[in-house]
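> Any chance you could fold what I've pasted below:
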Amino acid sequence: MVFKKMLGAFGVGGPSVDTVLSNPNTRPGLMLGGQVNLTGGSHDVEIDHITVGLVTRVEMDGAGEEYDALVEFHRVHVSGSLHLRAGQHLSLPLQVPMPWETPVTSLYGQPLHGMTMGLRTEVAVRGAVDKGDLDPVYVHPLPVQERILEAFGRLGFQFKGADLERGHISGVHQSLPFYQEVEYYAAPQYAHGINEVELTFVAAERGVDIVLEFDKRGGLFTGGHDSYGRYHAAHADADSVDWAAQVDTWVRQALDQYQGLRANHGYGQPAYGQPAHGYGAPGGYPPPQQSGYGHAAYGQHGGGHYEDHHERRGPGMGAMAAGVVGGAALGFAGGMVAEEVFDSFGGDEDEGGDDEG
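Next up is the predicted model:
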């Protein structure tokens, strides 16, 4: 999608900017390429610099209420000072390395309901800044992330929604100022013990941390409460693990742990499971420093797991289109068409109070 916009900061007769991405579909850790096209207006201008930034919507807490804010979390320098003559056409190459923790916004060729992301072009001249162009970006999951998402669908979990929460996850190395939550309604075979599951990926070059939050069902005399599991997967594990069986093990371990805590009246006491398996077959991604999964931690209740967290209620890139029907069968359905995804940014691209990660 291409947006050609006059740069209002330069006044009437000023230049226009048109950012064109070679392919708006990408994955964490890949390079997003394209070019920034400038067209001179009716008079010469001196441009101080041109940058692009990845922006997305993040759920924030403030003054006792929740609200969404447009946050820039990654910025790349495109050009320094340059002289743009009247009527001149100038194309500048663009290369944006996608952070490993970039949240997933598309799955099986469809937008992930609740997620939006764009690349915003900023042009500055003599102290005036114009956020002149905003183009949608579609972030598809890494292979190991995709296999785990598929596993939840195959087990019967129904996708509820996804969002970004401001804050950091305790005990997990995290560089971005937010994390993504993918929410599911419990599959029938687990519905006796849990209501919902929230899945968080924190990816890095050598693997992916997986954090699961289980919203428990309360008994007759006991209220429901959350518990957590934390795991690690190497990128090379994507095609060497039965992920449906692995996710089933994680969920049943959480249920068993919860039942043990109830029996012993040990609410709020952390308990730890054993490592899941020793995976680590060679693959196309860099191997982990320690292959296989880390220890699974259960029973970490309350707000100590997520920092700055609000109180909550209780296949390949070339085959994305072919996966739409399969995605619906696995519990996913596209909530918005491409234009609606981008329109959800509204007029916020003109606001000046964005955070920069």
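
> This structure - how does it break down into domains?
Following the assignment in automatic domain parsing, the chain carries domains at 4-140+336-345, 143-319.

> least reliable of these going by mean pLDDT?
When these are compared by mean pLDDT, domain 143-319 comes last with a mean of 71.

> if I look at Asp135, how far off is Ile210?
31 Å (C-beta to C-beta, to the nearest Å). Bear in mind the C-beta positions are built from the backbone N, C-alpha and C, glycine included.

> where do the helices sit along this structure?
Secondary structure of the chain by DSSP state H: the helices cover 143-154, 243-263, 324-329, 338-343.

> Run the angle between the longest one and helix 143-154 for me.
Between the axes of helix 243-263 and helix 143-154, defined by axes from the mean of the first three to the mean of the last three C-alpha atoms, to 10 degrees, the angle is 70 degrees.

> Give me the neighbour count for Ser81.
Other residues near Ser81 come to 11 when the count uses other C-beta atoms under 10 Å.

> Go ahead and confirm Ser16 touches Leu38.
Yes. Contact criterion C-beta atoms under 8 Å: Ser16 and Leu38 qualify, at 7.4 Å.

> Just want to know which of these two has more residues nearby.
For Ser16 and Leu38, the more surrounded residue by other C-beta under 10 Å is Leu38, and the numbers stand at 25 against 17.

> list the contacts for that one?
Residues near Leu38 by C-beta atoms under 8 Å, 6 or more residues apart in numbering: 15-18, 47, 50, 84, 88-92, 123.

> Which of those sits closest to Ala151?
Asp18 (41.6 Å; C-beta to C-beta).

> what about that closest one, distance to Val123?
11 Å.

> cool, and Gly153?
Using C-beta to C-beta, one gets 43 Å for the distance from Gly153 to Val123.

> what about those two, which has more around it?
For Gly153 versus Val123, neighbours defined as other C-beta under 10 Å are more numerous around Val123 (28 against 22).

> That one against Ile47, yeah?
Yes. Shown here, Val123 and Ile47 form a contact pair, counting by C-beta under 8 Å, at 6.2 Å.

> residues near His49, how many?
There are 15 residues near His49, going by other C-beta under 10 Å.

> Please look at it and His77 and confirm they touch.
Yes. Counting by C-beta under 8 Å, His49 touches His77, with 7.0 Å between them.
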